[in-house]
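>>> Below: sequence and its predicted model.
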Amino acid sequence: MKNLGIATSIAAAHKDMPGGLLPALHGIQDALGHVPPDAVPVIAEQFNLSRAEVHGVVSYYHHFRSAPAGRLLVQVCRAEACKAMGADALLAHAEQRLGCGVHGTSADGRYSLEPVFCLGLCASSPAIAVNDEVHARITPALFDDIVEEARQDS
Ligand code: FES
């Protein structure tokens, strides 16, 4: 219920803004870590949209989550420089190591895996970020070490 109140007040603050739905959804996700499905009807009401329209926007943009992320958010860069340096193989390794696919969360709720498109470390690719901390020149072994260290710290 508390989450619903937060979502409602954020939606209300954006409802009169042109194109306010996306900023509202960003605000809700920033505040709650995801856009709860039970918030969709109140968002729809605030913006005078159908639930299907709001749900369509939430599901269209991979950035928005309908469920909380895992405790560790692992992002693997898939932009050009990193792809040229083996990002696809690194992503496949990440899926296996974390036990979840891209845009997924492991069954134990420990990890979420997301693609990201440039972390500003192109000259030292491939790059990843773990809970917003960036790491460069990642090999599968280094990936495992970083994830294990982050897991122990979390
Ligand atoms: S392309 Fe991966 S960090 Fe820029």
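Structure's in. What do you need? Numbering: from 1, shown residues only.
>>> List the buried residues for the helix or strand that contains Leu4?
Following DSSP states H and E, one finds Leu4 within helix 2-14. For helix 2-14, a neighbour-count test (16 or more other CB atoms under 10 Å) marks 3, 6-8, 10-11, 14 as buried. Yep, even glycine has a C-beta here, placed from its N, CA and C like the rest.
>>> Give the other helices and strands that the helix or strand just after that helix contacts.
Using DSSP H and E, the helix or strand that directly follows helix 2-14 along the chain is helix 21-32. Packing partners of helix 21-32 (3 or more CB pairs under 8 Å, 6 or more residues apart in numbering; DSSP states H and E): helix 2-14, helix 40-47, helix 51-60.
>>> Need the contact partners of the longest one.
If I follow you right, that is helix 2-14. Helix 2-14 has contacts (CB atoms under 8 Å, 6 or more residues apart in numbering) with 20-21, 23-24, 27-28, 31-32, 35-36, 38-39, 42-43, 46-47.
>>> would you turn the helices and strands packed on helix 21-32 into a markdown table with distance to the ligand and mean pLDDT?
Shown next, in a markdown table, are those (distance: least, CB to the nearest ligand atom, whole Å; pLDDT from 0 to 100):
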| stretch | distance to the ligand | mean pLDDT |
| --- | --- | --- |
| helix 2-14 | 31 | 93 |
| helix 40-47 | 33 | 96 |
| helix 51-60 | 24 | 96 |
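>>> contacting residues for the closest residue to Leu91 other than its chain neighbours?
Among residues not flanking Leu91 along the chain, Val76 sits closest, at 4.8 Å (CB to CB, 6 or more residues apart in numbering). Val76 sits next to 82, 87, 90-91, 94, 113-116, 126, 128 when contact means CB under 8 Å, 6+ apart.
>>> Phi and psi next, for Val76.
Per-residue torsions, Val76: phi -110, psi 130 (degrees, to the nearest 10).
>>> Identify the bridge partners of it.
Taking DSSP bridges as the rule, Val76 bridges to Pro115, Ile128.
>>> just use 731 as the starting number from now, easier for me
With 731 as the first residue, the last one maps to Val806.
>>> And the pLDDT for it?
What the model reports as pLDDT for Val806 is 98.
>>> What's the separation between it and Phe873?
With distances taken as CB to CB, to the nearest Å, Val806 is found 9 Å from Phe873.
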